[in-house]
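**Q** this one's sequence-less:
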């Protein structure tokens, strides 16, 4: 028997007064009078402790929303996508459901056993972040490694807009080469416009500055007036956005079975690119999708003289003994006369819709410029005074 029940019975039996019983059993007279009223209305059972839980809970998350939070966590995690409380709240809003606070979503996930403790991370307040001010102001690029079902290794080349995190291109190759960089960059430029600058590491597919000369990607950037930026050797944090993106990509790929072929993996990458750009919010761009962020503001432009020329192809060649090369266009073979002084030179031909520019690969010198004249078989050098490619070093 509880002390509340004993105190009430002592008073009811006239053994103790209300004042004396309250003093003996450590309670106020007001509380003892309240217990006496409960006893007279309901007997000893009415003196049992009552729950303080309110009869109604207006703020309680409804079962439908609670179940959807758990389902979204499982679904997004299974797809390799971010499934934190803020992201789940974004999806609830898209589905026109009530959106609880992020702390409530976090408690629901903990109660469902869906939160795995992680090591303590560096506080976000200590990060120094750089972000381009507009779409196409800066594109980051890098490639990462992956394996097919048979265990063979492939490489996935990506182009990412720095401002919006929009995934411009995501392409798999057996091994990424310089021509692949040029091809994917050119395709992205055709589809989205040319960037004002690029940022990559110092891999040989992006730059030849440590081995002398230039590669095709560097020549194309210079021709378009696009500024090339390279991170400091051994400091991948400079390209932090693309490095962090690779974690997201691999987490997504890891949720499904390994692809049996390059074509099958490319199909998965195409599906990932759509989901990443259009179906998930990105915390770094204000919790909108990268596609929405990319399309929200006007795009930056390169500062070069040829920003309007959209279509390019590159061709590596060696001039013959008379200083000429051949070029096939629309099924017809044309001869480009560069000059006898440039015989046996390794060159790069940049072909756009209007002209062909021929550059010496060893010095960066513009050897010739040829107008595209479909009615003529021989295209003469329009450049009487060969100039220097912007940024090329003079030779002694």
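**A** Thanks, I have it. Source: prediction; values computed, not measured. Numbers count the residues shown, from 1 in each chain.

**Q** quick one: residue 16 and residue 24 touch, right?
**A** Yes. Assessed by CB atoms under 8 Å, residue 16 is found in contact with residue 24 at 6.9 Å. No exception for glycine: its C-beta is placed from N, CA and C like everyone else's.

**Q** so for these two, which residue has more residues nearby?
**A** Higher neighbour count among residue 16 and residue 24: residue 16, with 18 against 13, using other CB atoms under 10 Å.

**Q** outside of the host helix or strand of residue 269 itself, list whatever touches it.
**A** Assigned by DSSP states H and E, residue 269 belongs to helix 262-278. With contact meaning CB atoms under 8 Å, 6 or more residues apart in numbering, helix 262-278 is reached by 79, 81, 146, 148, 154, 156, 166-167, 170-174, 248-249, 252-253, 256, 259, 289-291, 294.

**Q** domain parsing for the protein?
**A** Following automatic domain parsing, one gets these domains for the chain: 3-47, 63-111, 139-296, 313-379.

**Q** between the two ends of the longest one, what distance do you get?
**A** Okay, so that is domain 139-296. 17 Å (CA to CA, to the nearest Å).

**Q** in the helix holding residue 269, which residues are buried?
**A** Within helix 262-278, the residues scored as buried using 16 or more other CB atoms under 10 Å are 265, 266, 268, 269, 272, 273, 275, 276, 277.

**Q** just the buried members of the contacts of helix 262-278?
**A** 79, 81, 146, 148, 154, 156, 166-167, 170-173, 248-249, 252-253, 259, 289-291, 294.

**Q** ranges for the strands of this structure?
**A** All strands of the chain, identified by DSSP state E, fall at 139-147, 153-161, 167-173, 197-200, 227-230, 313-318, 324-329, 332-337, 346-351, 355-360, 366-371, 378-379.

**Q** in terms of mean pLDDT, which of those ranks lowest?
**A** When those are compared on mean pLDDT, strand 313-318 scores lowest, with a mean of 84.

**Q** give the partner strands of that one in its sheet and their orientations.
**A** strand 346-351 (antiparallel) (DSSP bridges).

**Q** quick one: the partner strand to strand 324-329, angle?
**A** Interaxial angle, strand 346-351 versus strand 324-329 (axes from the mean of the first three to the mean of the last three CA atoms, to 10 degrees): 30 degrees.

**Q** so how far is strand 346-351 from its chain's centroid?
**A** Taking CA atoms, centre = their mean, to the nearest Å, one finds strand 346-351 lying 34 Å from the centre of the chain it belongs to.

**Q** contacts made by that strand with the rest, please.
**A** Here strand 346-351 makes contact (CB under 8 Å, 6+ apart) with 216, 219-220, 223, 312-319, 325, 327, 329, 336, 338, 356-362, 367.

**Q** if you set the cut-off to 10 Å instead, what comes out?
**A** With CB atoms under 10 Å, 6 or more residues apart in numbering as the contact definition, strand 346-351 has outside contacts at 213-216, 219-220, 223-224, 306, 309, 311-319, 323, 325, 327, 329, 336, 338, 356-362, 364-370, 372.

**Q** mark which of those are buried, thanks.
**A** 213-216, 219-220, 223-224, 306, 309, 312, 314-315, 317, 319, 323, 325, 327, 336, 338, 356-361, 364-370.

**Q** quick one: residues contacting the nearest residue to residue 371 once chain neighbours are set aside.
**A** Nearest residue to residue 371 in three dimensions, chain neighbours excluded: residue 355, at 5.3 Å (CB to CB, 6 or more residues apart in numbering). Residue 355 makes contact with 306, 309, 368, 369, 370, 371, 372, 373, 379, 382, according to CB under 10 Å, 6+ apart.

**Q** can you get me a residue count around residue 209?
**A** Burial measure for residue 209: 14 neighbouring residues, criterion other CB under 10 Å.

**Q** ok, now residue 77?
**A** Neighbours around residue 77, by other CB under 10 Å: 14.

**Q** repeat for the one 3 residues further on
**A** When neighbours are defined as other CB under 10 Å, residue 80 has 18 of them.

**Q** nearest to residue 133, out of the domains of the chain?
**A** Closest approach to residue 133 among the domains of the chain (CB to CB): domain 139-296, 6.8 Å.

**Q** mind listing the helices for the stretch 51-200 of the chain?
**A** Secondary structure of the stretch 51-200 of the chain (DSSP state H, counting those that start in this stretch): helices at 63-78, 85-94, 102-111, 178-192.

**Q** now these in CSV, with distance to residue 228?
**A** Output for the helices of the stretch 51-200 of the chain, formatted as CSV (distance: least, CB to CB, whole Å):
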stretch, distance to residue 228
helix 63-78, 37
helix 85-94, 35
helix 102-111, 41
helix 178-192, 11
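
**Q** among these, which comes closest to residue 136?
**A** Closest to residue 136 of the helices of the stretch 51-200 of the chain, according to CB to CB: helix 178-192, at 7.0 Å.

**Q** and that closest one, what does it pack onto?
**A** strand 139-147, strand 153-161, strand 167-173, strand 197-200, helix 216-224, strand 313-318 (3 or more CB pairs under 10 Å, 6 or more residues apart in numbering; DSSP states H and E).

**Q** 7 Å instead?
**A** Applying 3 or more CB pairs under 7 Å, 6 or more residues apart in numbering; DSSP states H and E, we find helix 178-192 packed against strand 153-161, strand 167-173, helix 216-224.
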